[in-house]
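Undergrad: quick one: sequence and predicted model below, then my questions.
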Amino acid sequence: MKTILIVGIGAGNPEHMTVQAINALNQADVLFIPRKGDEKVQLADIRRNIVSRYVTRAGSRTVEFDIPVRQTADRSYHQSVDQWHAAIAMAYERLLSGELAEGQTAAFLVWGDPMLYDSTIRIVERVKALGTVTFDYSVIPGITSIQALAASHRIPLNLVGKPVEITTGRRLAESFPGRVETAVVMLDGEQAFMAIEDPDARVYWGAYLGTSQEIIISGRLAEVRQDILRTRAEARALHGWIMDIYLLQKGSDFEE
């Protein structure tokens, strides 16, 4: 039987790699590196650097492949994601059929942690459902962008005794500030924080966490949101892409 290892590689710093992740990469006969177009070539370069730095197994090889582009025109959000995942599943199926021999092991290098706002596990399950390739798989956790954000800002994630909600920009208004005191916002292409008017809200924002381009900004949301908006736009124009995350919070420890 073929084996797949879904390996979390951290948020961009090669030193985020865990011992378990390094050992997993060295179990693999084939290492799959996704490419996401010229604008995001750095994401592939970081994966290449990780392989070069940590993989010592003789005879293993690297296979690069292009990730299909998500189509959004004339589709709802859920339709576009579902069709995109289906297209990626077909790409995975071709890789596992054409690049991996029976009894061999392959590793997918997944940004951050495969269990948090990543769909590699879902897509691998789609490939299993196709029934054309027989395989088993394991998941190796990684450092998340949430951990990297909190570490860079030197803050605990939660207020004492209070919950944290992890959400997206599209759903932020449902959570903060009405339902929770702390909200971590991922996948926000529309900068939903600009619509938050609570004068007590604080923000901890970060982009390119763990990389040499890392940028962090924090403070009262009302005072720094325009700075974040401008900095984000400038960084995206400079690099051609951006990967950012932020934490919104109000209240304090030991506050009833």
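TA: All right, it came through fine.

Undergrad: longest helix anywhere in the chain?
TA: In terms of residue count, the longest helix belonging to the chain (DSSP state H) is helix 77-99.

Undergrad: just give me how far that helix sits from the chain centre.
TA: 18 Å (Cα atoms, centre = their mean, to the nearest Å).

Undergrad: list the buried residues in it.
TA: Using 16 or more other Cβ atoms under 10 Å as the test for burial, helix 77-99 gives 84-85, 87-89, 91-93, 95-96. In this view, the C-beta of every residue, glycine as well, is placed from N, C-alpha and C.

Undergrad: farthest pair in the residues you listed?
TA: W84 and L96 (18.8 Å; Cβ to Cβ).

Undergrad: one step back: contacts for the longest helix of the chain?
TA: Residues external to helix 77-99 that are found in contact with it (Cβ atoms under 8 Å, 6 or more residues apart in numbering): 2, 4, 30, 32, 63, 65-68, 70-72, 75, 106, 119, 122-124, 126-127, 130, 132-133, 135, 170.

Undergrad: try it again with 7 Å
TA: If you take Cβ atoms under 7 Å, 6 or more residues apart in numbering as the criterion, helix 77-99 is touched by 2, 30, 32, 63, 65, 67-68, 70-72, 75, 106, 119, 122-124, 126-127, 130, 132-133, 135.

Undergrad: what about dumping the CA coordinates of it to CSV?
TA: The C-alpha trace of helix 77-99 is given here as CSV (Å, rounded to 0.1, in the frame of the first residue of the first chain):
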residue,chain,number,x,y,z
TYR,A,77,-18.2,31.1,-2.1
HIS,A,78,-19.0,27.5,-1.2
GLN,A,79,-19.4,26.5,-4.9
SER,A,80,-16.0,28.0,-5.8
VAL,A,81,-14.2,26.3,-2.9
ASP,A,82,-15.9,22.9,-3.6
GLN,A,83,-14.9,23.0,-7.3
TRP,A,84,-11.4,24.2,-6.5
HIS,A,85,-11.0,21.3,-4.0
ALA,A,86,-12.2,18.9,-6.6
ALA,A,87,-9.7,20.2,-9.1
ILE,A,88,-6.8,19.9,-6.6
ALA,A,89,-8.0,16.3,-5.7
MET,A,90,-7.6,15.3,-9.3
ALA,A,91,-4.1,16.8,-9.3
TYR,A,92,-3.3,14.8,-6.2
GLU,A,93,-4.7,11.7,-7.8
ARG,A,94,-2.4,12.1,-10.8
LEU,A,95,0.6,12.6,-8.5
LEU,A,96,-0.1,9.5,-6.4
SER,A,97,-0.8,7.4,-9.5
GLY,A,98,2.1,8.6,-11.6
GLU,A,99,4.9,9.5,-9.1
